[in-house]
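Chemist: take a look and give me a structure for this.
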Amino acid sequence: IFFLRFRALCWLLLCCTMADNRVNKMARPKNKHAASIQITAEQLLREAHERQIEYVAPPPRQNITDPEELAEFQRAKRKSFEDDIRKNRENIGNWMKYAIWEESQDQMDRARSVYERALDVDHRSIQLWQKYAEFEMKHRQINHARNIWDRAVTILPRVPQFWFKYSYMEEMLGNVAGARQVFERWMEWRPDETAWYQYINMEMRYGELERARAIYEKLIIAHMEPKNWIKYAKFELKQGEPERARQIFERAVEFFGEDHLDEKLFLEFAKFEEQQKEYERARVVYKYAMDKIPKQYGKDLFSAYTQFEKKFGDRAGVESVIVSKRKFQYEEEVKQNPYNYDAWFDYIRLCETENSDADKTRDVYERAIANVPPVATKRLWRRYIYLWIYYALFEELDAKDITRTRDVYKACLRLIPHKQFTFAKVWLLYAQFEVRQKDLKAARSILGTALGKCPKEKLFKGYIELELQLREFDRCRTLYEKFLEFNPANCQTWIRFGELETILGDVDRARAIYDLAIAQPLLDMPELLWKSYIDFERELEEYDRARDLFDRLLKKTSHVKVWISYAQFEASVEGDDRVEQARHVFSTAEEQLKKTAEKAERLLLLEAWQAFEEENGDEGSVQRVRAKMPRKVKRRRELYNEDGSNNGWEEYHDYIFPDEETKAPNLKLLEMSRLWQAKKQSGADDADPLSLIQTLGKAKDDAVAAAAA
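Modeler: I've put the predicted structure just below:
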């Protein structure tokens, strides 16, 4: 039987499922496009409201005339409330409606019973406790109300409404001691500031000033916030006790210490002193706050201090405020970019000009040099290294701390990566510092270490300059020798070495140095070296040696300036034949420059020759030189691009000398003659002598005509 029933049930479920599927298939819309007429939600609601045909009338008003009918009504109403409570026991609203109805029937015991039953269900309902206590208070059941409030604050001590209404009830009844006792019980739970201020206000309403102060003392311990201290001070100021208010501010500053300073506390403290016309005290408060509070948290403080100094300060005070503001700006800049060395320089310069404590300036220097460039590249280190230099100079000149200055130089030299690059100025400044301290051995040791680790031209020059000032010429010779071993192509070093020997009177040694110098295969500025050597011989009046040097130089180069200098030298040598010697040099130079294609240099030589003849020659010699001057002409030449394509024409100026114009008519004739000679040597069979003679004759006629023209 069980199996048959189970089988029938399965068939029934299967049939229902198939019927639902059939209905779903039939209910599927074939056309899913939107209808032409759309119905809004507002229209649907309006039609639904209009179609409410059935009207439910309110229950009729019932007039009760006898006690039995009233009892029946109350029994039915109570049954209805009890049924609602049984359906949803957790709904406090049903309980409260039940209690309010019993209260309306003057059934106080029953209402009280309903409230108690409701509290058994949910004793944490704040609204239930309030309604229960207000019910007792409304019917003047004071002891019952006290009992309820006492139970409420015992069960829910963190609900401030219970405490407020409890204390308010006691105060309205004139029981100030009871209200105070309620507040004291409440303060044990350390509520928020509002409760404390309500307690203080109650005591002040009854003139209990000392009690109010005692409450404030407990408040600033329970809630250790600056705003409570400020209100306490303002309370004392309102009572006409400025000394007490000042003591409270001072206690607050001492209480919070340097780790938890608050900007608003100092602002109120300074304003209080300003109101009391204690301007010096206010200034001290401002300065103390600005020194202790971080700059990013003291913007309002700076603004208030600025206004204060403008109203009550002098020029120095206003400048101090401006300096403080600039410090704050520099702090923001270096905070955003610690590698902004220009900002660090400005910040340090401001600290030094302020004439403040050396420790503060030193602290800024230490913070600045801590920002080492992240990459060992000299370009990035150029600005950074000046921080160390300025730091050392500050310690030596301003702080007068010699030991710390030496430590700064040593730390800087340890930090520089000398294998990649170095800074000669740091080594030299360190050595000069030791010289100022009269420790020459240390200075020489420093420079020797520098030349051993990272030799540089500037280090050699600085070391040599130091020894020259000390008149240690043997050391200077040794340093020059080392310098020339390091860089033999430096002409300035050779020149200075020779000048040193000349000053010392050792002419042979100086001449030997110059001879070694000009014999070097590679020199950076040989023209200066030769000029210095020639000037050296001229000063010694060794004119033959100077001529020999000019001849040796002209074998290396035929530059026009060398010829002009040679001619001017000959003209400056005292003697009867000096003009002829100079003229001979000019003539030789012209013959040499004719062989080159440098027309500009030849023109420069002729101009110098003409100036020489105008000064030392006669009219005939001047005319002979002028006859050699070229003629300036304008010509055109074709320009080409890099790929060989034509890029148009350009005009340029050229010089045609008289000897070139004389050769011009015979150029074509010579060209044809050279062509005939080439054909003759090649042994060409088809060379026609007759045609060639005719061509040469025609070329000669053309040349003669051109010469005549």
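Chemist: so who does the closest residue to Gly298 other than its chain neighbours touch?
Modeler: Among residues not flanking Gly298 along the chain, Glu263 sits closest, at 5.6 Å (CB to CB, 6 or more residues apart in numbering). The C-beta positions use only the backbone N, C-alpha and C, and glycine is treated the same way. When contacts are counted by CB atoms under 8 Å, 6 or more residues apart in numbering, Glu263 touches 289, 293, 297-298, 300-301.
Chemist: redo that, cut-off 6 Å
Modeler: Neighbouring residues of Glu263 by CB atoms under 6 Å, 6 or more residues apart in numbering: 293, 298, 301.
Chemist: would you quantify the distance from the spatially most central residue of the chain to Asp401?
Modeler: Among the residues of the chain, the one closest to the centroid is Asn337, at 3.3 Å (CA atoms, centre = their mean). Taking CB to CB, to the nearest Å as the measure, Asn337 and Asp401 are separated by 30 Å.
Chemist: re earlier: quick check: phi and psi at the residue nearest to the centre of the chain.
Modeler: Backbone torsions of Asn337, given as degrees, to the nearest 10, read phi -140, psi 100.
Chemist: now the helices for the stretch 551-700 of the chain?
Modeler: 560-572, 578-594, 599-616, 619-627, 658-663, 667-682, 689-708 (DSSP state H, counting those that start in this stretch).
Chemist: leaving out chain neighbours, which residue sits closest to Val625?
Modeler: Excluding its sequence neighbours, the residue lying closest to Val625 (CB to CB, 6+ apart) is Gln610, at 4.8 Å.
Chemist: ok, Arg475 next?
Modeler: Glu467 (4.5 Å).
Chemist: that neighbour against Cys476, yeah?
Modeler: Yes. At 4.8 Å, Glu467 and Cys476 qualify as touching, with contact defined as CB atoms under 6 Å.
Chemist: count the neighbours of Arg392 for me.
Modeler: Wrong residue type there; residue 392 is Ala, not Arg. Ala392: 23 surrounding residues under other CB atoms under 10 Å.
Chemist: any idea how far Ala443 is from it?
Modeler: Computed as CB to CB, the Ala392 to Ala443 distance reads 15 Å.
Chemist: same check on His123?
Modeler: Separation of His123 from Ala443 (CB to CB) stands at 92 Å.
Chemist: which of those two has more residues huddled nearby?
Modeler: Ala443 (22 against 13).
Chemist: secondary structure element for the more buried one?
Modeler: Assignment of secondary structure by DSSP states H and E places Ala443 within helix 440-453.
Chemist: again with Trp388
Modeler: Element membership of Trp388 [criterion: DSSP H and E] is helix 378-393.
Chemist: same deal with Phe162?
Modeler: Secondary structure (DSSP H and E) places Phe162 in helix 160-172.
Chemist: give me the number of residues near Ser36?
Modeler: Neighbour number of Ser36 under other CB under 10 Å is 5.
Chemist: now do the helix or strand containing Tyr197, average pLDDT.
Modeler: Taking DSSP H and E as the definition, Tyr197 sits inside helix 193-205. Across helix 193-205, the average pLDDT comes to 92.
Chemist: what's the answer for stretch 559-572, then?
Modeler: Mean predicted confidence for stretch 559-572 is 83.
Chemist: for that stretch, list every residue counted as buried.
Modeler: Neighbour-count burial for stretch 559-572, counted by 16 or more other CB atoms under 10 Å, picks out 560, 562-567, 569-571.
Chemist: other residues contacting it?
Modeler: Counting by CB under 6 Å, 6+ apart, 550, 553, 578, 581-582, 585-586, 589, 601, 604-605, 608 sit against stretch 559-572.
Chemist: now with 8 Å?
Modeler: With CB under 8 Å, 6+ apart as the test, stretch 559-572 has contacts from 531, 534, 538, 546-547, 550, 553-554, 578-579, 581-582, 584-586, 588-589, 592-593, 598, 601-602, 604-605, 608-609, 612, 616.
Chemist: mind jotting down where the strands sit in the chain?
Modeler: Assigned by DSSP state E, the chain shows strands spanning 631-640, 646-656.
Chemist: to Ile503, which of those strands lies closest?
Modeler: strand 646-656 (46.7 Å; CB to CB).
Chemist: between the closest one and helix 599-616, how many degrees?
Modeler: Here the directions of strand 646-656 and helix 599-616 differ by 20 degrees (axes from the mean of the first three to the mean of the last three CA atoms, to 10 degrees).
Chemist: who does strand 646-656 pair up with?
Modeler: Strand 646-656 has its sheet partners listed here by DSSP bridges as strand 631-640 (antiparallel).
Chemist: just the CA coordinates for the strand it pairs with, please, in PDB.
Modeler: Output of strand 631-640 as PDB, limited to C-alpha atoms (Å, rounded to 0.1, in the frame of the first residue of the first chain):
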ATOM      1  CA  ARG A 631      92.400  94.200 -56.400                       C
ATOM      2  CA  LYS A 632      89.100  93.100 -54.800                       C
ATOM      3  CA  VAL A 633      86.500  91.600 -57.100                       C
ATOM      4  CA  LYS A 634      83.100  89.900 -56.800                       C
ATOM      5  CA  ARG A 635      82.700  86.400 -58.200                       C
ATOM      6  CA  ARG A 636      80.100  83.700 -58.400                       C
ATOM      7  CA  ARG A 637      80.500  80.000 -57.600                       C
ATOM      8  CA  GLU A 638      78.100  77.100 -57.800                       C
ATOM      9  CA  LEU A 639      77.000  75.300 -54.600                       C
ATOM     10  CA  TYR A 640      76.300  71.600 -54.200                       C
END
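Chemist: how far out from the middle of the chain is that strand?
Modeler: In terms of CA atoms, centre = their mean, to the nearest Å, the centre of strand 631-640 is found 58 Å from the chain centre.
Chemist: for that strand, the averaged confidence score.
Modeler: Mean pLDDT, strand 631-640: 83.
Chemist: now do stretch 106-121
Modeler: For stretch 106-121, mean pLDDT rounds to 90.
Chemist: skipping adjacent residues, who's closest to Gly341 in space?
Modeler: You called it Gly, but residue 341 is Tyr. Once flanking residues are discounted, Tyr341 sits nearest to Arg383: 4.3 Å by CB to CB, 6+ apart.
Chemist: quick one: that neighbour and Ile656, what's the gap?
Modeler: In terms of CB to CB, Arg383 sits 58 Å off from Ile656.
Chemist: same for the helix holding Phe162, what does it pack against?
Modeler: Applying 3 or more CB pairs under 8 Å, 6 or more residues apart in numbering; DSSP states H and E, we find helix 160-172 packed against helix 126-138, helix 142-155, helix 176-187, helix 193-205.
Chemist: adding distance to Gln74 as columns, could you present these in CSV?
Modeler: Output for those, formatted as CSV (distance: least, CB to CB, whole Å):
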stretch, distance to Gln74
helix 126-138, 19
helix 142-155, 24
helix 176-187, 38
helix 193-205, 44
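Chemist: about what we covered before: so which of the strands of the chain gets nearest Lys227?
Modeler: For Lys227, the closest of these is strand 646-656, at 84.4 Å, according to CB to CB.
Chemist: how many neighbours does the closest residue to the residue nearest to the centre of the chain other than its chain neighbours have?
Modeler: Leaving aside its chain neighbours, Asn337 sits nearest to Ala343 (7.4 Å; criterion: CB to CB, 6+ apart). Ala343 has 20 neighbours, counted by other CB under 10 Å.
Chemist: ditto for Asp439
Modeler: Around Asp439 sit 15 other residues, with neighbours defined as other CB under 10 Å.
Chemist: please report the distance of it from Phe433.
Modeler: Applying CB to CB to Asp439 and Phe433 gives a distance of 9 Å.
Chemist: same check on Leu267?
Modeler: From Leu267 across to Phe433, the span is 48 Å (CB to CB).
Chemist: ok, Leu516 next?
Modeler: Leu516 sits 36 Å away from Phe433, going by CB to CB.
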